[in-house]
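> Here you go, sequence then predicted model.
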Amino acid sequence: MVPKKLQALLWSVKTKNLDLTRDIGYIVHQVLIYGTLIDLKWLFQTYGQARVRQEFVERPQKIYPPSAYNFAKKVLLNIAEGIAPQEKYDQTLPRRVG
């Protein structure tokens, strides 16, 4: 069950309607971008470092401000250069077509 205290981060869906398995992508990305240290602790306790990293890398979302992307990739998830390229996440960069 997703804690109600995360509603401010998960504003587009009521937390009572979220499923931890089905909605993992939405939950992971929103908490990585907007979460406090307490929220991030909950995220890693709930899913584990490896699962959060896997979700970040395998299902990129082009919704990250540059600072949130860098913090998530380099500090929280310790992802090596060349993996999870910034253009797939950074909302300020143009999308590549073709």
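Cool, the structure landed. Numbers count the residues shown, from 1 in each chain.

> give me the number of residues near residue 64?
Residues lying near residue 64 (other Cβ atoms under 10 Å) number 24. (Glycine included, C-beta is placed from N, CA and C.)

> The residue nearest to it when sequence neighbours are not counted: neighbour count?
Of all residues beyond its chain neighbours, the one nearest residue 64 is residue 89 (4.4 Å), with distances taken as Cβ to Cβ, 6 or more residues apart in numbering. Burial of residue 89 is recorded as 24 neighbouring residues (other Cβ under 10 Å).

> Could you pull up phi and psi at residue 89?
According to degrees, to the nearest 10, the main-chain angles of residue 89 amount to phi -120, psi -40.

> so which strand or helix has the residue nearest the centre of the chain?
Nearest to the geometric centre of the chain sits residue 29, at 1.9 Å (Cα atoms, centre = their mean). Secondary structure assignment for residue 29, by DSSP states H and E: helix 24-34.

> what's that helix packed up against?
Using 3 or more Cβ pairs under 8 Å, 6 or more residues apart in numbering; DSSP states H and E as the contact criterion, the elements in contact with helix 24-34 are helix 37-47, helix 49-58, helix 66-70.
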